[in-house]
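**Student:** Sharing a sequence plus its predicted fold:
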Number of protein chains: 2
Amino acid sequence: MHKYENISAPVIKRLPRYYRFLGELLDNGVTRISSRELSDRMGLTASQIRQDLNCFGGFGQQGYGYTVEGLYHEIGHILGLDHSYPAILIGAGNLGKAVAVHMSFEKRGFRLIGIFDNDPEKTGFEIRGITVFSMDQIEQFLSNHQVDVAILCVPKTAAPEIVDHLYELGIRNYWNFSHYDLAVHYQDIIVENVHLNDSLMVLCYKITDANEPPEQNGKRQLSD
Amino acid sequence: MHKYENISAPVIKRLPRYYRFLGELLDNGVTRISSRELSDRMGLTASQIRQDLNCFGGFGQQGYGYTVEGLYHEIGHILGLDHSYPAILIGAGNLGKAVAVHMSFEKRGFRLIGIFDNDPEKTGFEIRGITVFSMDQIEQFLSNHQVDVAILCVPKTAAPEIVDHLYELGIRNYWNFSHYDLAVHYQDIIVENVHLNDSLMVLCYKITDANEPPEQNGKRQLSD
């Protein structure tokens, strides 16, 4: 009887990675693996891996390792990937289109059932077999379909009004590609952000940090 | 004389967010702000903010707060955004195209100078004013241009060969959208990953976790 309630945020963030690696092992016909081998492949320490997997029961056996298939399915189950949460995508620009086409929603616990954009030049076309509707049609769509998640691929400036509307219509779960910080404005929502600009800035930091001598860094002050 | 070398990874991850918020404040004509106000807007505690900003010198003054413009520029400087690292994009599919068009590289310390794809149907076209070249042309391109960063928007299966080649040609910095874990295979590279599938799975976990009673969760075991 292992409880899962108290899995920490960092462990949760690592679960998808375990899931991906185990999926690869399965594809390659590997049936069991030691924490040591897993650590070599994942770039985590074996002790970190044992600790992580212990959080939800530690499926390993001393001297035997982990059953790849069992662990894979269990992590998928913990992640909730056996669900099929209906999702709509808002914004059919380059990014929205890439997200719609690129993602394996069905393997990740979701299914994409609607795409909306307020640009008349984008509506009427099909993306991934789904017709892009006008934003005006969202309310009617939501009265006919259960929708659990909205995927926001809209500019930051457009986001507040759109989210207000979606929130009013009952949407509480968001996959957010806009740079609008939803969580600050709504207390009772679930949001997972993809901040591409932030990621690019972190890369810039890492490169700069690696290439500039610390002495130089150290002398920077606000008054420079 | 404040040293920056020891800024922890979590603080670095937050810097882009500070930078975005401060940029907004600047755009709105705000000249100074207290850690309390900053915390209200960012959803962090005031004490967390003071701690973070203290890492690189703590520009606040008791009873006065932070100078928005000074802090904005200093954080941008720490992030290295005043650089202009030349970057090439590999993979001109939906995702690559979205990244090329969507990102403000110039504001984030980079400039996009080349796009490559091995699909003849994609080469020859222009994206963001940049002609898409064939992968065969990378070597020649790199002999004529300094390139600091490769942005990988290729499928996982194609990534190993491409990265091997880029690594051989001297590229050591990667913005990685593929699900290939570069850092495991190369020790002396800098990589920042964008794992969209992982983010989607974390969202799935959050929704599932919020909607299923812990009793039920708690009873899950591998043998289920």
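**Tutor:** That came through fine.
**Student:** so what's the residue at minimal distance from the centre of chain A up against?
**Tutor:** With distances taken as Cα atoms, centre = their mean, residue A:192 lies nearest the centre of chain A, 6.3 Å away. For residue A:192, the residues meeting the contact criterion (Cβ atoms under 8 Å, 6 or more residues apart in numbering or on different chains) are A:174, A:175, A:176, B:199, B:200, B:202, B:203, B:206. (Each C-beta comes from the backbone N, C-alpha and C, glycine too.)
**Student:** Now with 10 Å, please.
**Tutor:** Shown in contact with residue A:192 (Cβ atoms under 10 Å, 6 or more residues apart in numbering or on different chains): A:149, A:151, A:173-176, B:198-207.
**Student:** Go through those residues and say which is closest to residue A:131.
**Tutor:** Among these, residue A:151 lies closest to residue A:131 (Cβ to Cβ), at 16.4 Å.
**Student:** next SSE after the helix or strand hosting that closest one?
**Tutor:** Assessed by DSSP states H and E, residue A:151 sits inside strand A:149-152. Using DSSP H and E, the helix or strand that directly follows strand A:149-152 along the chain is helix A:159-168.
**Student:** So for that next one, mean pLDDT?
**Tutor:** For helix A:159-168, mean pLDDT is 97.
**Student:** quick one: is the helix or strand following that helix near chain B?
**Tutor:** For helix A:159-168, the succeeding helix or strand toward the C-terminus, using DSSP H and E, is strand A:173-176. Yes: for strand A:173-176, a contact with chain B is found by Cβ under 10 Å from any Cβ of the partner chain, at A:173, A:174, A:175, A:176.
**Student:** now, the most widely separated pair of those residues?
**Tutor:** Greatest spacing in these, by Cβ to Cβ: A:173 and A:176 (10.2 Å).
**Student:** Overlap in contacts, the two.
**Tutor:** Common neighbours of residue A:173 and residue A:176 (Cβ under 10 Å, 6+ apart) are A:150, A:151, A:189, A:191, A:192, B:203.
**Student:** okay if I get these as TSV plus pLDDT and distance to residue A:55?
**Tutor:** Below are the shared contacts of residue A:173 and residue A:176 laid out as TSV (pLDDT from 0 to 100; distance: Cβ to Cβ, whole Å):
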residue	pLDDT	distance to residue A:55
A:150	98	30
A:151	98	29
A:189	96	26
A:191	96	23
A:192	96	20
B:203	96	20
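**Student:** Just the buried subset of these, written out for ChimeraX, thanks.
**Tutor:** Typed into ChimeraX, the line below selects the buried ones among the shared contacts of residue A:173 and residue A:176, using 16 or more other Cβ atoms under 10 Å in any protein chain shown:
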select /A:150,151,189,191,192 /B:203
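**Student:** Quick one: the strands in chain A, in order.
**Tutor:** Secondary structure of chain A (DSSP state E): strands located at A:32-33, A:66-67, A:85-90, A:110-117, A:126-127, A:130-134, A:149-152, A:173-176, A:190-193.
**Student:** Please identify the pairing partners of the third one and their relative orientation?
**Tutor:** It refers to strand A:85-90. Here strand A:85-90 has these sheet partners by DSSP bridges: strand A:110-117 (parallel), strand A:149-152 (parallel).
**Student:** Export these to JSON lines and append columns for distance to residue A:29.
**Tutor:** JSON lines is the format used below for the strands paired with strand A:85-90 (distance: least, Cβ to Cβ, whole Å):
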{"stretch": "strand A:110-117", "distance to residue A:29": "29"}
{"stretch": "strand A:149-152", "distance to residue A:29": "35"}
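**Student:** mind listing what's buried in the helix of greatest length in chain A?
**Tutor:** Ordering each helix of chain A by length in residues (DSSP state H) puts helix A:9-27 first. The neighbour-count check on helix A:9-27 (16+ other Cβ under 10 Å) flags A:11, A:12, A:14, A:15, A:16, A:17, A:18, A:19, A:20, A:21, A:22, A:25 as buried.
**Student:** Quick check: the gap between residue A:162 and residue A:174.
**Tutor:** 10 Å (Cβ to Cβ, to the nearest Å).
**Student:** So these two - more neighbours on which side?
**Tutor:** Taking neighbours as other Cβ atoms under 10 Å in any protein chain shown, residue A:162 and residue A:174 compare with residue A:174 leading, 27 against 21.
**Student:** what's the closest non-adjacent residue to the more buried one?
**Tutor:** Leaving aside its sequence neighbours, residue A:174 sits nearest to residue A:191 (Cβ to Cβ, 6 or more residues apart in numbering or on different chains; 4.5 Å).
**Student:** Over to residue A:25?
**Tutor:** Distances taken as Cβ to Cβ, 6+ apart put residue A:68 closest to residue A:25, at 4.9 Å, once the chain neighbours are dropped.
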